[in-house]
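Chemist: no sequence for this one, just the structure:
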DNA sequence: GGATAATTTGACCGGTTGGTAAACATTACA
DNA sequence: TGTAATGTTTACCAACCGGTCAAATTATCC
């Protein structure tokens, strides 16, 4: 008798590990492109190279697949912000934060779009997680505020500083189609991330200097 | 006999004007929140306060409704960029561009989200329009490049400058839920747009100054 | 007021989709 | 090797959804 994964003991077989990975990979493809409603289990199954009931053997509902993806993404998504170090040099810290966020936009665009889709819909399934986010941002905002107070960077609102870095970096993942369309085929190579990094670093380093 | 709107003469009755407006208003609500696939005609009809067949009397397909909305949004969406004036003072021009974009994010968040949804899904239905966008941006990038050449602003990539302004301003519409969650209930009042404007104006004015 | 055109609705249809049941196949392990 | 647990598939269902149709109702205009 086949018992669904969640109901049985914690033990996971080799096949479970592998298949769940394949399914989540496929689901990330489909969810990030079509949104939750637009994604179909049939489509995910096709991308994963297995039958629909087989997919549903590992994840009992579409919601469960989505949930698993969101949890995984949220977990790694905030790593760059966590590394934000109060002891470091503000200029270096901000520059490397921008770098890391841009690298994530370049290397994990589907994850970014999955998240964007979720927020666009009003974040129906991640309200508690947003609370954790708030705490982390509060903490880092305090770091930035300390930099301002000690005159290491110019006076500015730390929250909107963080928002602006999120926005500018994730833009290259979420609005990729638009960015490519505007830059045209010749400029849409991998170089656009380098160009973006250069521009943003300059903008923030100069923009946050203490005014003479 | 009832003949669908599109098939008959250009004449439009008073009722047509009114009902189409009501439907598009409802459709904007639903599409911007749930995406194209997630939106149902039933839901739109409910919000519009009429029956589904009645909605389909004015717009023959769901696609037609979406199309009408996208066309309308695209038309007004780029107005702020069009006003970008080569003759003006760069600092003033950039500041007022940021202002206008922030005002749009504040006053038309649903339109922003509709657009974001479309781009996220790979812009399936606005490829030609993206070409017009490219031309407009090319034109304005030339303006910015001229400012750089004449030493009115610091050296920077005009395309990524524009991208960054789009990203930072639209963020307040598209990621509204996240912004509110992070700022907390006390700081989520209307003041957040003023704070954002202050921060961004400072960032760009200082960030784009010619380096000493 | 009556004819005609415009508008509205309830009933319905076919395709899609999330999910199930149960038979069948394979793997793990004694 | 046998057998129990695990994994896979075919067939299927009920709900949903985009869209149609014909009949009923309302607005327009002479």
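Modeler: Great, that's in hand. Keep in mind the model is a prediction, meaning the values are calculated, not measured.

Chemist: domains for chain A, by residue range?
Modeler: In the assignment given by automatic domain parsing, the structural domains of chain A cover A:13-68, A:78-207.

Chemist: out of those domains, the one nearest DNA strand D is which?
Modeler: Within those, the stretch nearest DNA strand D is domain A:13-68; the backing value is 3.3 Å (Cβ to the nearest atom of the strand). Every residue, glycine included, has its C-beta placed from N, CA and C.

Chemist: quick check: mean pLDDT of that closest one?
Modeler: The average pLDDT within domain A:13-68 is 96.

Chemist: that one and DNA strand D in contact?
Modeler: Yes - against DNA strand D, domain A:13-68 shows contacts by Cβ under 7 Å from any atom of the strand at A:13, A:15-16, A:19, A:50-54, A:57.

Chemist: closest to residue B:130 among these?
Modeler: Within the residues of domain A:13-68 next to DNA strand D, distances to residue B:130 taken as Cβ to Cβ reach their minimum at residue A:52, with 34.8 Å.

Chemist: where does residue A:153 land in three-state SS?
Modeler: In terms of secondary structure, residue A:153 is coil; the call rests on DSSP: H, G, I helix; E, B strand; the rest coil.

Chemist: surely it meets residue A:209?
Modeler: Yes - in terms of Cβ atoms under 8 Å, residue A:153 counts as a neighbour of residue A:209; the distance is 7.2 Å.

Chemist: circling back: kindly reformat the domains of chain A as TSV containing mean neighbour count and distance to residue B:91.
Modeler: Formatted as TSV, the domains of chain A follow (neighbours: other Cβ atoms under 10 Å in any protein chain shown; distance: least, Cβ to Cβ, whole Å):
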stretch	mean neighbour count	distance to residue B:91
domain A:13-68	17	39
domain A:78-207	18	13
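
Chemist: export those domains as a markdown table, with columns for distance to chain B.
Modeler: A markdown table is the format used below for the domains of chain A (distance: least, Cβ to the nearest Cβ, whole Å):
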| stretch | distance to chain B |
| --- | --- |
| domain A:13-68 | 3 |
| domain A:78-207 | 3 |
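
Chemist: what separation do you get for residue A:181 and residue B:159?
Modeler: Distance of residue A:181 to residue B:159, given as Cβ to Cβ, to the nearest Å: 12 Å.

Chemist: which neighbours do the two have in common?
Modeler: Both residue A:181 and residue B:159 lack any common contacting residue under the criterion Cβ atoms under 8 Å, 6 or more residues apart in numbering or on different chains.

Chemist: for residue A:145, which non-adjacent residue is closest in space?
Modeler: Excluding its sequence neighbours, the residue lying closest to residue A:145 (Cβ to Cβ, 6 or more residues apart in numbering or on different chains) is residue A:158, at 5.4 Å.

Chemist: next up, the contacts around that neighbour.
Modeler: Remark: with contacts taken as Cβ under 8 Å, 6+ apart, residue A:158 is in contact with A:140-145, A:148.

Chemist: I figured residue A:180 hits residue A:189, correct?
Modeler: No - taking contact to mean Cβ under 8 Å, the distance of 10.0 Å between residue A:180 and residue A:189 leaves them out of contact.

Chemist: contacts for the helix or strand where residue A:139 lies next, please.
Modeler: Residue A:139 is located in helix A:127-149, with elements delineated by DSSP states H and E. Applying Cβ under 8 Å, 6+ apart, the set of residues contacting helix A:127-149 from outside is A:74, A:78, A:81-82, A:84-86, A:90, A:123, A:153-156, A:158-159, A:161-162, B:177-178, B:181-182, B:184.

Chemist: helices - which of those residues land there?
Modeler: The members of the contacts of helix A:127-149 that map onto helices under DSSP state H are A:74, A:81-82, A:90, A:158-159, A:161-162, B:177-178, B:181-182, B:184.

Chemist: report the two of these separated the most.
Modeler: Put simply, by Cβ to Cβ the two of the ones in helices among the contacts of helix A:127-149 set farthest apart are A:90 and B:177, 29.3 Å from each other.

Chemist: adding distance to DNA strand C, write the domains of chain A out as TSV.
Modeler: What follows is the domains of chain A, written out as TSV (distance: least, Cβ to the nearest atom of the strand, whole Å):
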stretch	distance to DNA strand C
domain A:13-68	4
domain A:78-207	14
